[in-house]
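1. Next one to model:
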Amino acid sequence: MAVAQGAPRRAPCSPSNPRGRKASLTLYIIRRILWLVPVLFFVITITFVLMHLAPGSPWDKEGKQLSAAVVRNLNAKYGLSDPFFVQYLRYLWNVAHFDFGLSFQYEDQAVSSLILRSWPPTAVIGTLAFVMIVIFGSASASSPLSDKTPGWTTWWSASVRSAPRRRRLCSASS
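-> From the prediction side, this is the model:
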(Lines give C-alpha, C1' and ligand atoms only; values in the text may rest on other atoms or scores of the structure.)
Protein backbone atom coordinates (compact mmCIF):
# COMPACT_ATOMS: atom_id res chain seq x y z
CA MET A 1 0.00 0.00 0.00
CA ALA A 2 2.88 2.36 0.76
CA VAL A 3 4.33 1.74 -2.71
CA ALA A 4 1.01 2.67 -4.34
CA GLN A 5 1.03 5.98 -2.51
CA GLY A 6 4.47 6.87 -3.81
CA ALA A 7 6.62 6.13 -0.78
CA PRO A 8 10.18 5.10 -1.66
CA ARG A 9 10.82 1.38 -1.59
CA ARG A 10 13.30 0.31 1.07
CA ALA A 11 15.83 -2.42 0.64
CA PRO A 12 14.79 -5.52 2.55
CA CYS A 13 16.85 -6.60 5.52
CA SER A 14 17.53 -10.20 4.79
CA PRO A 15 18.39 -12.52 7.68
CA SER A 16 20.95 -14.23 5.43
CA ASN A 17 23.09 -11.08 5.49
CA PRO A 18 23.80 -10.38 9.19
CA ARG A 19 26.44 -7.76 8.36
CA GLY A 20 23.78 -5.54 6.78
CA ARG A 21 21.52 -5.80 9.82
CA LYS A 22 24.36 -5.06 12.20
CA ALA A 23 25.51 -2.09 10.12
CA SER A 24 22.01 -0.63 9.95
CA LEU A 25 21.54 -1.03 13.70
CA THR A 26 24.92 0.60 14.35
CA LEU A 27 24.01 3.47 12.03
CA TYR A 28 20.67 3.89 13.83
CA ILE A 29 22.37 4.04 17.24
CA ILE A 30 24.96 6.54 15.98
CA ARG A 31 22.20 8.76 14.58
CA ARG A 32 20.33 8.69 17.88
CA ILE A 33 23.49 9.61 19.82
CA LEU A 34 24.28 12.44 17.40
CA TRP A 35 20.73 13.81 17.76
CA LEU A 36 21.36 13.99 21.50
CA VAL A 37 23.62 17.05 21.04
CA PRO A 38 21.10 19.39 19.34
CA VAL A 39 18.25 18.21 21.59
CA LEU A 40 20.28 18.92 24.75
CA PHE A 41 21.34 22.30 23.33
CA PHE A 42 17.69 23.15 22.63
CA VAL A 43 16.56 22.07 26.11
CA ILE A 44 19.39 24.03 27.79
CA THR A 45 18.58 27.14 25.74
CA ILE A 46 14.84 26.99 26.41
CA THR A 47 15.45 26.42 30.13
CA PHE A 48 17.85 29.35 30.34
CA VAL A 49 15.50 31.71 28.50
CA LEU A 50 12.46 30.67 30.55
CA MET A 51 14.33 31.15 33.82
CA HIS A 52 15.24 34.69 32.76
CA LEU A 53 11.68 35.45 31.67
CA ALA A 54 10.24 34.31 35.02
CA PRO A 55 9.23 37.18 37.28
CA GLY A 56 11.29 37.97 40.35
CA SER A 57 14.83 36.97 41.20
CA PRO A 58 16.49 34.17 43.15
CA TRP A 59 16.64 36.51 46.14
CA ASP A 60 12.90 37.08 46.44
CA LYS A 61 11.51 35.25 49.45
CA GLU A 62 8.16 35.47 51.15
CA GLY A 63 8.21 37.69 54.19
CA LYS A 64 11.91 38.53 53.88
CA GLN A 65 12.97 41.45 51.74
CA LEU A 66 16.64 42.12 51.05
CA SER A 67 18.02 45.62 50.63
CA ALA A 68 19.03 46.86 47.18
CA ALA A 69 22.73 46.87 48.14
CA VAL A 70 22.61 43.23 49.23
CA VAL A 71 20.81 42.25 46.02
CA ARG A 72 23.45 44.09 43.93
CA ASN A 73 26.26 42.30 45.80
CA LEU A 74 24.61 38.90 45.35
CA ASN A 75 24.01 39.56 41.64
CA ALA A 76 27.68 40.52 41.22
CA LYS A 77 28.86 37.46 43.18
CA TYR A 78 26.84 35.03 41.05
CA GLY A 79 27.31 36.90 37.74
CA LEU A 80 23.64 37.85 37.40
CA SER A 81 24.47 41.50 36.72
CA ASP A 82 26.24 40.61 33.45
CA PRO A 83 24.43 40.99 30.11
CA PHE A 84 22.07 38.18 29.03
CA PHE A 85 24.32 36.86 26.25
CA VAL A 86 27.41 36.79 28.50
CA GLN A 87 25.44 34.86 31.13
CA TYR A 88 24.22 32.43 28.45
CA LEU A 89 27.70 31.75 27.07
CA ARG A 90 29.08 31.26 30.59
CA TYR A 91 26.19 28.91 31.37
CA LEU A 92 26.85 26.84 28.21
CA TRP A 93 30.57 26.65 29.06
CA ASN A 94 29.87 25.55 32.63
CA VAL A 95 27.27 22.97 31.61
CA ALA A 96 29.70 21.52 29.05
CA HIS A 97 32.21 21.09 31.90
CA PHE A 98 29.60 19.80 34.40
CA ASP A 99 30.12 22.86 36.58
CA PHE A 100 26.72 24.01 37.80
CA GLY A 101 28.05 26.58 40.24
CA LEU A 102 27.09 27.22 43.82
CA SER A 103 23.61 26.58 45.13
CA PHE A 104 21.41 29.59 45.85
CA GLN A 105 19.55 27.66 48.54
CA TYR A 106 22.36 25.82 50.34
CA GLU A 107 25.23 28.13 51.26
CA ASP A 108 28.67 27.37 49.82
CA GLN A 109 27.66 23.98 48.38
CA ALA A 110 28.24 23.10 44.76
CA VAL A 111 25.20 21.97 42.80
CA SER A 112 27.26 19.07 41.40
CA SER A 113 27.84 17.71 44.91
CA LEU A 114 24.12 18.01 45.69
CA ILE A 115 23.30 16.07 42.53
CA LEU A 116 25.87 13.37 43.34
CA ARG A 117 24.50 13.04 46.86
CA SER A 118 20.93 12.49 45.60
CA TRP A 119 21.92 10.19 42.74
CA PRO A 120 21.88 6.78 44.54
CA PRO A 121 18.25 7.01 45.78
CA THR A 122 17.16 8.24 42.36
CA ALA A 123 18.91 5.30 40.67
CA VAL A 124 17.25 2.83 43.06
CA ILE A 125 13.78 4.27 42.39
CA GLY A 126 14.38 4.27 38.63
CA THR A 127 15.62 0.68 38.67
CA LEU A 128 12.63 -0.51 40.72
CA ALA A 129 10.25 1.30 38.35
CA PHE A 130 11.92 -0.33 35.34
CA VAL A 131 11.70 -3.80 36.90
CA MET A 132 8.02 -3.27 37.68
CA ILE A 133 7.35 -2.11 34.13
CA VAL A 134 9.05 -5.18 32.69
CA ILE A 135 7.19 -7.56 35.02
CA PHE A 136 3.72 -6.03 34.59
CA GLY A 137 4.24 -5.37 30.88
CA SER A 138 5.33 -8.96 30.25
CA ALA A 139 2.40 -10.29 32.27
CA SER A 140 -0.02 -8.08 30.37
CA ALA A 141 1.44 -8.94 26.97
CA SER A 142 1.50 -12.69 27.64
CA SER A 143 -2.19 -12.71 28.59
CA PRO A 144 -4.28 -14.78 26.14
CA LEU A 145 -6.66 -11.84 25.81
CA SER A 146 -3.94 -9.22 25.25
CA ASP A 147 -4.79 -8.80 21.58
CA LYS A 148 -8.55 -8.48 22.20
CA THR A 149 -8.77 -6.40 25.38
CA PRO A 150 -6.71 -3.56 26.81
CA GLY A 151 -5.31 -5.88 29.49
CA TRP A 152 -5.68 -6.17 33.23
CA THR A 153 -3.11 -3.44 33.95
CA THR A 154 -5.06 -0.91 31.91
CA TRP A 155 -8.31 -1.99 33.56
CA TRP A 156 -6.75 -1.72 37.01
CA SER A 157 -5.21 1.71 36.42
CA ALA A 158 -8.49 3.04 34.98
CA SER A 159 -10.49 1.76 37.95
CA VAL A 160 -8.04 3.23 40.46
CA ARG A 161 -8.22 6.63 38.78
CA SER A 162 -12.02 6.61 38.66
CA ALA A 163 -12.53 5.39 42.23
CA PRO A 164 -14.51 7.85 44.33
CA ARG A 165 -12.42 9.90 46.69
CA ARG A 166 -13.30 10.47 50.31
CA ARG A 167 -14.59 13.89 51.11
CA ARG A 168 -13.40 15.70 54.16
CA LEU A 169 -16.30 16.06 56.58
CA CYS A 170 -14.74 18.62 58.84
CA SER A 171 -12.44 21.52 58.18
CA ALA A 172 -8.86 21.57 59.36
CA SER A 173 -9.49 24.50 61.69
CA SER A 174 -12.14 22.77 63.82
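2. now the end-to-end length of stretch 96-111.
-> Looking at stretch 96-111, the gap from its leading to its trailing residue is 14 Å under the measure C-alpha to C-alpha, to the nearest Å.
3. Report the mean per-residue pLDDT for that stretch.
-> Per-residue confidence for stretch 96-111 averages out to 84 on the pLDDT scale.
4. low-scoring pLDDT stretches of this protein, where are they?
-> Across the chain, the ranges flagged by pLDDT under 70 are 1-19, 63, 140, 142-174.
5. hey, where'd the helices end up in it?
-> Per DSSP state H, the chain carries helices over the ranges 18-53, 68-78, 84-96, 111-141, 152-161.
6. so can I have JSON lines of these showing mean neighbour count?
-> To be clear about C-beta, it is placed using only N, CA and C from the backbone, and glycine gets the same treatment. Conversion of the helices of the chain to JSON lines gives the following (neighbours: other C-beta atoms under 10 Å):
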{"stretch": "helix 18-53", "mean neighbour count": "11"}
{"stretch": "helix 68-78", "mean neighbour count": "12"}
{"stretch": "helix 84-96", "mean neighbour count": "13"}
{"stretch": "helix 111-141", "mean neighbour count": "11"}
{"stretch": "helix 152-161", "mean neighbour count": "11"}
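7. Can I get those helices in CSV including distance to Leu102?
-> Putting the helices of the chain into CSV (distance: least, C-beta to C-beta, whole Å) gives the following:
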stretch, distance to Leu102
helix 18-53, 16
helix 68-78, 7
helix 84-96, 11
helix 111-141, 7
helix 152-161, 42
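8. for those, which one sits closest to Ser103?
-> Set against Ser103 and scored by C-beta to C-beta, those come closest in helix 111-141, at 5.3 Å.
9. Relative to Lys61, which of the helices of the chain is closest?
-> Nearest of the helices of the chain to Lys61, taken as C-beta to C-beta: helix 68-78 at 11.6 Å.
10. what comes into contact with the closest one?
-> The contact list for helix 68-78 (C-beta atoms under 8 Å, 6 or more residues apart in numbering) reads Ser57, Pro58, Trp59, Leu66, Leu80, Ser81, Gly101, Leu102, Phe104.
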